[in-house]
Each structure stands twice: as C-alpha cells, then as structure tokens.
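1. sequence unknown, structure follows:
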C-alpha cells in the first residue's frame, strides 16, 4: 500500500476562507452515494431483463418439448396399430397354411382332441346349467306366489273345519284371491273360479251367536220365580139350608142366593216342591249353557226339552208370561250350534291338479343336479 502523505501543516487563515472548503468536502460523499445507487439500480434492471428473457425462452422450449412428445405418442400408437394389423394378417396366413404335423406327434394330437372333447362336454353341461338356473331365477317369484296361495287355501280350510272360525277362513280366502289377482296368471283361471265358489259357501254359513244364546238362557233363569204355577180349582161347597118359613129364614135365603163365597185357588205344589223344581230347572239351564259353549247339540237340546216339559207339567198353560217362556225355549231348541260346514277345498284341488310349485322346483332342479354329479364323476375318471 502507498504510504499516506503526511498532512501538511495548516496555515493560519481567516475565517472567511475555511467555509468553502468545508462545503466541498461535505458534498462529495452525497454525490458518490447517488452514483452508487444509480449503478446498483442499473445492474438490477439489467438482471431483471435478462431473467425475463430466459423465462420466456424456457416456456417456449417446454411447449416445444410437449408438442414433440405428443407427436411421438401419436407416432407410437400408429406404429402399434400397424404392428397389430401385421400380426393379425400373419395369424390369418398361418391359419390358412397350417404346417404339416410330423407323424410322431399323432399321440399328442389324439390326447389334445380327447381333452378338447371333454372340455366341450363340460362347457355344454355348464351352459345348460346356467340356462336352467336363469329360468329358475326368472320364475322364482311366480313359484313363491303360488306357494303362498296354496298355503292360504290350506290355512282357510283348516280354520273352518277344525275351529269353525268363519271370519278367519273368509279373510284367508279373500287374501288368496287378492294374491291370485296380482299374479295375473292365465293358468290360475280355474283356481280363481273355484275360489269364488268357496268364498260364497263360507259367506252363506249362519253360525249361532254364543253370546246371544247365553244371554237368553240367563234371562229365562232370572225370570224363573215369576212364572205362574198351576193352581188347584176348588168348587164351592153347597151348605144344606134347612127350610125356614119364618121371616128371618126367607130373608137369609134370599141374601145367600145373591152372594156366593168361594175359597181362593191354591198352588198344586208346596213351597218345598216349588224350590226343588226351580233348582232342577236352574241345573238344566246350566247344562244347556255349558253344552252351547262346547257345541254339544244333543245335550243342549235335551236340557232345554226337559225344562220345557217341566214347565208344561207344573206351570199354567195360558197367560202371556208362560207363552213367552215356551216361545223362547222353543227358539233356543231350534238354534243349531254347529251347522254343517261346506267343503271349501275346490280351489285347493285345482292348485294340486296344476302341481305344487315346490314340487315343480324340485323336479326342475333334479336333472341339473344329476348332470353335475355325472360331470364330476367324468372329470375324476379323466384325471385318473
């Protein structure tokens, strides 16, 4: 480094001469700083312009590369399609001009033919099985609907014949009719006609009302003490009158011819006999009540007939009360507890004549299962 020159000794000067020198020394750093800032700004501007030019050039280069790659992909696809066409053409030519098989390959060819035949048989069995399964799947809903109708017909007949439940049987048959109508199957026309007849037969059944029967028996039993009993008829006794020709005698005779004194009629039975008779009648009413609940027509009629006979033997024949009692007893005796139930199996027989859907499904599945077993046995034999 160069040696710095020693400062020259300051000479004395006046105050007016030092001021311009100080001003020049303070302005030089500001000018240098402004020049430096301008230089930096110019450098930054040049750098920014150069960077922007490079970015645009890079974008253009990337676009060109992408376009070139797209063109290469299209060329590759065209070449692949051309190669595939050439391969297909070669395969066709090979199929047309098959090379002759050497004689020593006849055993392998026979084995291949047998294997091909076996595979063809298995393929045919599988294809037929698939066709059958498809048919079963398509008719599955119809079979289920027919099975439901058959079950409803059996249930309605069972409710009527075993439990004499007319309402439940009628509701079940009507539900089966709705199901048949929804099926809209022409094969079910005969079944629907028979089902209409069965519904009409169930509707015409007149079942006795057990509550009404019990209430009528209870009313008769309650009114039992009020029934008029038979009474003995007492003839007036003629008192012998002595012939009295006096004035008093003639007056008494004339008065006795005007007034006749009779004794009041009395019941034939004593109080104990009346109580015993009423208890026996109550017992017969209880027997009739139990027989009506159990549907025992013979015991029911026997009990009421006994009450009617005792009423005729011990109670007055005339009178409104006894007439009503005998009429009520006769109406109860004419009531049929268990009427003859009609046969409502016509629709069920028609369904069974067409064949149960469950049995048809089993018959359709049986041949397919046989084919599967045969195919499995044949595969095992060939593998062995």
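-> Received the coordinates, thanks. Source: prediction; values computed, not measured.
2. Skip the chain neighbours and tell me the closest residue to residue 281.
-> residue 307 (5.4 Å; Cβ to Cβ, 6 or more residues apart in numbering). C-beta here means a position set from N, CA and C on the backbone, and glycine is covered the same way.
3. Quick one: residues contacting that neighbour.
-> 220, 281, 284-285, 288, 329 (Cβ atoms under 8 Å, 6 or more residues apart in numbering).
4. for these, which one is nearest residue 72?
-> Comparing those against residue 72 with Cβ to Cβ places residue 288 closest, at 109.9 Å.
5. Name the helix or strand for that closest one, please.
-> Element membership for residue 288, per DSSP states H and E: helix 271-294.
6. average pLDDT across that helix?
-> Mean pLDDT, helix 271-294: 90.
7. Mind giving me the packing neighbours of it?
-> helix 210-222, helix 297-314 (3 or more Cβ pairs under 8 Å, 6 or more residues apart in numbering; DSSP states H and E).
8. quick one on the thing from earlier: closest to residue 181 out of the contacts of residue 307?
-> The nearest member of those to residue 181, counting by Cβ to Cβ, is residue 288 at 45.5 Å.
9. So what's the residue count around the closest one?
-> Counted with other Cβ atoms under 10 Å, the neighbours of residue 288 add up to 28.
10. show me the contacts for it.
-> 217, 299-300, 303-304, 307, 332.
11. now swap in residue 308 and tell me
-> Counting by Cβ under 8 Å, 6+ apart, residue 308 has contacts 326, 329-330, 333.
12. List of residues touching stretch 194-208?
-> So stretch 194-208 is contacted by 153, 156, 160, 164, 166, 169-170, 173-174, 176-177, 180, 292, 335-337, 339, 341-347, 349-350 (Cβ under 8 Å, 6+ apart).
13. buried sites along it?
-> Neighbour-count burial for stretch 194-208 flags 194-195, 198-199, 201-202, 205 (criterion: 16 or more other Cβ atoms under 10 Å).
14. Keep only those of those that are in strands.
-> Residues of the buried residues of stretch 194-208 located in strands (DSSP state E): none.
15. Can you pick out the most distant pair from those?
-> The most distant members of these, if one measures by Cβ to Cβ, are 194 and 205, lying 17.6 Å apart.
16. List the buried residues for stretch 178-186?
-> Of the residues in stretch 178-186, 180, 183 count as buried by neighbour count, 16+ other Cβ under 10 Å.
17. avg pLDDT for that stretch?
-> Here the average pLDDT along stretch 178-186 is 88.
18. what distance separates it from the centre of its chain?
-> Remark: stretch 178-186 is offset 17 Å from the chain centroid, using Cα atoms, centre = their mean, to the nearest Å.
19. Residue 35 in helix, strand or coil?
-> Following DSSP: H, G, I helix; E, B strand; the rest coil, residue 35 is assigned to helix.
20. show me the contacts for it.
-> Counting by Cβ under 8 Å, 6+ apart, residue 35 has no contacts.
21. Now do the contacts for the residue positioned nearest the centre of the chain.
-> The centroid of the chain falls nearest to residue 148 when counting by Cα atoms, centre = their mean (11.7 Å). By Cβ under 8 Å, 6+ apart, residue 148 lies in contact with residue 179.
22. Model confidence score at it, please.
-> Looking at residue 148, the pLDDT reads 90.
23. Any figure for the gap between it and residue 355?
-> 16 Å (Cβ to Cβ, to the nearest Å).
24. same check, this time on residue 273
-> Remark: distance between residue 273 and residue 355 (Cβ to Cβ) = 72 Å.
25. okay, now the domains of this protein?
-> Split into domains by automatic domain parsing, the chain comes to 135-206+341-383, 210-228+269-334.
26. Distance from the chain centre to the shortest one, please.
-> What it means is domain 210-228+269-334. Taking Cα atoms, centre = their mean, the mean C-alpha location of domain 210-228+269-334 is offset from the chain mean by 51 Å.
27. Same question for stretch 47-56.
-> Centre to centre, stretch against its chain (Cα atoms, centre = their mean), the figure for stretch 47-56 is 79 Å.
28. same deal with stretch 41-57?
-> The answer for stretch 41-57 is 81 Å, by Cα atoms, centre = their mean.
29. so what's residue 271 up against?
-> Residues near residue 271 by Cβ under 8 Å, 6+ apart: none.
30. Do I have it right that residue 210 meets residue 294?
-> No. Counting by Cβ atoms under 8 Å, residue 210 sits too far from residue 294 to count as a contact (10.3 Å).
31. In this structure, what residue spans correspond to strands?
-> Under DSSP E, the chain gives strands at 231-232, 266-267.
32. which residues touch stretch 333-349?
-> Residues external to stretch 333-349 that are found in contact with it (Cβ under 8 Å, 6+ apart): 150, 153-154, 156-157, 160-161, 164, 169, 173, 176, 191-192, 194-195, 197-198, 201-202, 204-208, 213, 291-292, 295-297, 300-301, 304-305, 308.
33. which stretches of the chain have low pLDDT?
-> For the chain, the stretches flagged by pLDDT under 70 are 1-27, 54, 97-105, 135-139, 231-245, 247, 249, 251, 254-268, 356-384.
34. for it, what spans make up the helices?
-> Taking DSSP state H, the helices of the chain run over residues 15-96, 106-138, 140-163, 166-183, 189-203, 210-222, 247-258, 271-294, 297-314, 320-334, 346-354, 357-383.
35. for those helices, which one sits closest to residue 230?
-> Nearest to residue 230, of all those, is helix 297-314, at 6.1 Å by Cβ to Cβ.
36. Hmm, residue 290 and residue 303 touching each other?
-> No. Contact criterion Cβ under 8 Å: residue 303 and residue 290 do not qualify, at 9.0 Å.
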